[in-house]
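*Asks:* sequence unavailable; structure follows:
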């Protein structure tokens, strides 16, 4: 696992759902070494993401969920690199909202392992923000990529179609708060946090989720 690292690109665009559109900045994460990489959430700007990947072999484009701001650049990045786009099966309807004429390259399932550069990302199905929302646990680098399931300060939003507050709370409680407290949570928007930093105030959210 020597040389495996995490890189970060911020891209800007819009998020649209339920008739509304909002300006957003998205975190795009790249996990890999000097030879190969995986992109997590191809948001807004395929060219900027491709430049960050460089001449490395891109082995997968993994979507933490299928809201348009997390997947809108995925087909273009896949076309440029040949990498498959992977989305959890339960978000296939949301995917079609953004890309009605393009299928993803494959569907993810809970506890699936995605190999990259001698290590593995573990898929944690964490529904609530969307039905097919996932987090990606990378124990070798003490990191979990939480998409919009967990952001600094609490759970991701659940006020729009396809979301459910009690479900996201169960996902956070059962899949994320069981990780080591020092695990860094690299989120879909905003600043990273840690599981330990979020745990105390998440207790209030969990109480509200019952």
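*Replies:* Yes, it's here. Being a predicted model, the structure only gives us computed values, none of them experimental.
*Asks:* in this protein, where's the longest helix?
*Replies:* helix 195-208 (DSSP state H).
*Asks:* for that one, packing partners?
*Replies:* Judged by 3 or more C-beta pairs under 8 Å, 6 or more residues apart in numbering; DSSP states H and E, helix 195-208 is in contact with strand 154-155, helix 165-171. C-beta coordinates here come from the backbone N, C-alpha and C atoms, glycine included.
*Asks:* in the longest one, which of the residues would be classed as buried?
*Replies:* When neighbours are counted by 16 or more other C-beta atoms under 10 Å, the buried residues of helix 165-171 are found to be 165, 167, 168, 169, 170, 171.
*Asks:* is it correct that the fifth one is in contact with residue 128?
*Replies:* Yes: with contacts counted by C-beta atoms under 8 Å, residue 170 reaches residue 128, the gap being 7.3 Å.
*Asks:* quick one: pLDDT of the residue most central in space within the chain?
*Replies:* Centroid check for the chain by C-alpha atoms, centre = their mean gives residue 64 as the closest residue, at 2.8 Å. Among the per-residue scores, residue 64 shows a pLDDT of 98.
*Asks:* A helix includes it, no?
*Replies:* No: residue state for residue 64 (DSSP: H, G, I helix; E, B strand; the rest coil) corresponds to coil; a helix is not indicated.
*Asks:* buried ones in the helix or strand bottoming out on mean pLDDT in the chain, by neighbour count?
*Replies:* Within the chain, no helix or strand scores below helix 195-208, which has a mean of 84 by mean pLDDT, DSSP states H and E. For helix 195-208, the neighbour count (16+ other C-beta under 10 Å) marks 195, 197, 198, 202, 205, 206 as buried.
*Asks:* beta partners of the nearest residue to residue 56 once chain neighbours are set aside?
*Replies:* Spatial nearest neighbour of residue 56, excluding adjacent residues (C-beta to C-beta, 6 or more residues apart in numbering): residue 37 at 4.8 Å. Applying DSSP bridges to residue 37 gives these bridge partners: residue 32, residue 58.
*Asks:* could you point out where the protein is predicted with low confidence?
*Replies:* 1-2, 209-210 (pLDDT under 70).
*Asks:* would you map the helices across it?
*Replies:* Under DSSP H, the chain gives helices at 46-53, 68-71, 74-81, 92-98, 165-171, 195-208.
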